[in-house]
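In: okay, here's the prediction I keep looking at, along with the sequence it came from:
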Amino acid sequence: MYYPMGFGGGFFGHNWLLLVGVPLLIGLWAQFRVKSAFRKWGQVRASANISGAEAAREILQAAQIRDVEVVETNDYLGDHYDPTSKRLCLSTDVYNTPSVAALGIAAHETGHAIQHAKAYAPLQWRMTIVPVTQIASRMLPFVIFGGFIFHLTGLITLGIYCYLVLLAFQLITLPVEFDASRRAKIILQQMGIVQPGQEVLGVNKVLNAAALTYVAAFVATLGNLVYLLSVRDRRN
């Protein structure tokens, strides 16, 4: 996410602090919550005694999904499902560890694979908008900083359009992520991979904390968009 400099009120103007600074702090807090929850529940061994990778494969098999590959990635908390290659990528700690946190994250990512297999509409929408989102993300830093440095209102307007694309992407992402977590919580209990009590509580804590990061990203993008609109209005 890119946070443009203030205009007409100094770097830390009131609009900047409210629309950009506060969402930034919310995002940092959300990231802290995720890491804290993962650290705590990553140390709690699940009674099923299976790793995140084993859980993912069992869930895929139960869902009769046989064309998704479960692979290990070295990216810390970089767990994700890639629908283009049908690869479920789990970070090392999740892939190899039989912890409550690992099972929750693995099941969440497997939930995306199930969404893909069932043609879940919001996931299809997100896949469709990914290319234009990638273009907007690459353009954004040059557009924003160029607009402020050279005082070109046209570039600021282009930046607004970029943020609109990102906002649409993140809005679509919210139901995709919430639904994957909902599926994960249900499946883990139905298959007996986690037990009622502390294990279910741990899974909920980890997945709920992760969900906050997506909400924070949406709020941050919305704040940046409104801020740029206010900057453009002052310049017109």
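Out: Yep, it's here. Numbers count the residues shown, from 1 in each chain.
In: what comes up buried for the strand or helix carrying Ala211?
Out: Secondary-structure element containing Ala211, defined by DSSP states H and E: helix 198-235. By neighbour count with 16 or more other Cβ atoms under 10 Å, helix 198-235 contains the buried residues 199-200, 202-207, 209-228, 230-232. Just so you know, the C-beta spots here come from the backbone N, C-alpha and C atoms, and that holds for glycine as well.
In: who does it touch, helix- and strand-wise?
Out: For helix 198-235, the elements it packs on are helix 14-16, helix 22-41, helix 100-117, helix 153-190, judged by 3 or more Cβ pairs under 8 Å, 6 or more residues apart in numbering; DSSP states H and E.
In: and Ala113, how far from Thr173?
Out: 16 Å (Cβ to Cβ, to the nearest Å).
In: who has more neighbours, those two?
Out: Set side by side, Ala113 and Thr173 give different neighbour counts by other Cβ atoms under 10 Å, the larger being at Ala113 (24 against 19).
In: grab the nearest non-local neighbour of that one.
Out: The shortest distance from Ala113 to any residue other than its chain neighbours is 4.9 Å, reached at Val68 (Cβ to Cβ, 6 or more residues apart in numbering).
In: likewise for Thr73?
Out: Of all residues beyond its chain neighbours, the one nearest Thr73 is Cys89 (4.5 Å), with distances taken as Cβ to Cβ, 6+ apart.
In: so the one you found is in which element?
Out: Secondary-structure assignment from DSSP H and E places Cys89 in strand 87-91.
In: report pLDDT for the nearest residue to Phe218 once chain neighbours are set aside.
Out: The shortest distance from Phe218 to any residue that is not its chain neighbour, by Cβ to Cβ, 6+ apart, is 4.4 Å, and that residue is Gln170. Each residue has a pLDDT score; the one for Gln170 is 96.
In: now Arg234
Out: Model confidence at Arg234 (pLDDT) stands at 69.
In: same check on Tyr227?
Out: The per-residue pLDDT reported for Tyr227 equals 88.
In: which one is it nearest to, not counting chain neighbours?
Out: Leu19 (4.1 Å).
In: list the contacts of that neighbour.
Out: With Cβ atoms under 8 Å, 6 or more residues apart in numbering as the criterion, the residues that contact Leu19 are 223-224, 226-227, 230.
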